[in-house]
Each structure stands twice: as structure tokens, then as C-alpha cells.
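*Asks:* coords below, sequence missing:
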């Protein structure tokens, strides 16, 4: 059984190894962007590979600042920087040409024929991606034992749903943690106190939009599942 955190949409990784694209001709510092993605709890290597896939699909983006900005923002979200989610979805909905749509799909690691349904489904299901059904609803695991690279020193004792979409709270060893998550990324942060906005509690919590979080006494992981729509 897997004992480390994992994001199922990233396994296996859909991108080949690549060098960080150079957008200096349009005044963008992609090395700085990669560091910013990392600071925003994203994966700089995944950002590099996703961005390179987009540039390979649309070479003209190297000399078009607006197209380059679209790819950088979408790649940052794809790499797990949750703060870029709203901006990336706005950009995806406003792509101006067939070429930019192909490039954006390449950044996401999906087929361009899947792009419209992806954008539509993300409006109501932040954990959806093409192929999720193959995972039988399992989308990610978070936490894990600190001694092997995880976040927690013991299994979580409680899980609470929070009012924000994709947000949950866990009580672990007397400390409250907040989880924010979507299809591409997850972020854990220590809370100063028990969340006042907690809506439910227990070992298994079902929340809005069919999302279920499962914890147990024999694992340091918390498991997020999403019920597929009928």
C-alpha cells in the first residue's frame, strides 16, 4: 500500500523531461516563475516540463507575450500552485485561437479534444480530469509519516470539512492542519487553532459535490475520493 502523499492526476507523469523555455524575448523570466511556483507549494520540475510541452505545441508563444503569459499561468496551476487556479481557468476559457488551445491542452497533459469538457467539469468538480474514472474515484492522498518524507508524526484523529471548496481540516497529535486541494495540487498548513468554520467530524466525512475524505488509525495518510456522477 502506498504510504506517501500522491496526486493521482500526476501518476504517471504525462510530460517528458525538458529544459525550462526561454521567454526573455517577451520580457518574462521563467526561472523566476519556476521559483515562484515552488514557493506557492507547486513542483518546479513539473512546471518546467508542462511549460515546455506547451511551447513545443505553439512555438509562436516564444515571441508573443500574451500567449506566453497564458502558458506560464496554466503551467503554474498544472504544477500544483493552487493560487493560480482561478486565473488559469479564466485564461483557458478565453483562448483566442486553435493554436493556443492545442498549446494549453499540451500544458495540461490532455488531448485538445478533451479541453472543453475539462474546463466545463472544473466549474463544478475541482478534482476532475480525463481518466479519473480509471482510479475508481480516488484522487489523492495527503499527510504521510514525517519520518519518510510526509507531514505528520501520527495518524490524523479527526477530519473536518471547511466552507471553502476543496478545503478540509485535520487534527493530528493535538495540532490542526488545513488542506486545500484540487485536481493538480494540494497544500497542507498548520492552523493556529481549531477551525471555527468546521462543518462535520468523524473518521469518514462526506462533503459537497460527492467528495469523501477517509482517515484511519493505522495510516498517516488521508485519502480523498470523489463519487463519479451517475
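*Replies:* The structure has been received and is ready for your questions. All figures in this text were calculated on a predicted structure; none of them were measured in a lab. Residues are numbered from 1 along each chain as shown.
*Asks:* What is the neighbour count of residue 175?
*Replies:* Neighbour count for residue 175, taken as other C-beta atoms under 10 Å: 12. No exception for glycine: its C-beta is placed from N, CA and C like everyone else's.
*Asks:* Likewise for residue 210?
*Replies:* Neighbours of residue 210 (other C-beta under 10 Å): 14.
*Asks:* That one and residue 65: what is the separation?
*Replies:* Distance of residue 210 to residue 65, computed by C-beta to C-beta, to the nearest Å: 40 Å.
*Asks:* Equivalent analysis for residue 147, please.
*Replies:* Taking C-beta to C-beta, one finds residue 147 at 46 Å from residue 65.
*Asks:* neighbour-wise, which of these two wins?
*Replies:* residue 65 (13 against 9).
*Asks:* Is it correct that the more buried one is in contact with residue 26?
*Replies:* Yes. Applying C-beta atoms under 8 Å as the test, residue 65 and residue 26 come out as touching, 3.9 Å apart.
*Asks:* need the helices for this structure, in chain order.
*Replies:* Assigned by DSSP state H, the chain shows helices spanning 30-39, 44-57, 65-78, 85-93, 98-108, 115-122.
*Asks:* any idea which of those is most buried?
*Replies:* helix 65-78 (a mean of 25; mean count of other C-beta atoms under 10 Å).
*Asks:* and that one, average pLDDT?
*Replies:* The average pLDDT for helix 65-78 rounds to 98.
*Asks:* Counting by contacts, list what that helix packs against.
*Replies:* helix 30-39, helix 44-57, helix 85-93, helix 98-108 (3 or more C-beta pairs under 8 Å, 6 or more residues apart in numbering; DSSP states H and E).
*Asks:* quick check: angle from it to helix 98-108?
*Replies:* If you take axes from the mean of the first three to the mean of the last three C-alpha atoms, to 10 degrees, helix 65-78 sits at 20 degrees to helix 98-108.
*Asks:* Tell me which of the helices of the chain sits nearest to residue 160.
*Replies:* Smallest distance to residue 160 across the helices of the chain (C-beta to C-beta): 22.1 Å, for helix 85-93.
*Asks:* Do you know the pLDDT at the residue lying farthest from the centre of the chain?
*Replies:* Taking C-alpha atoms, centre = their mean, the residue of the chain most remote from its mean C-alpha position is residue 25, at 29.5 Å. pLDDT for residue 25: 96.
*Asks:* now swap in residue 204 and tell me
*Replies:* The model reports residue 204 with a pLDDT of 54.
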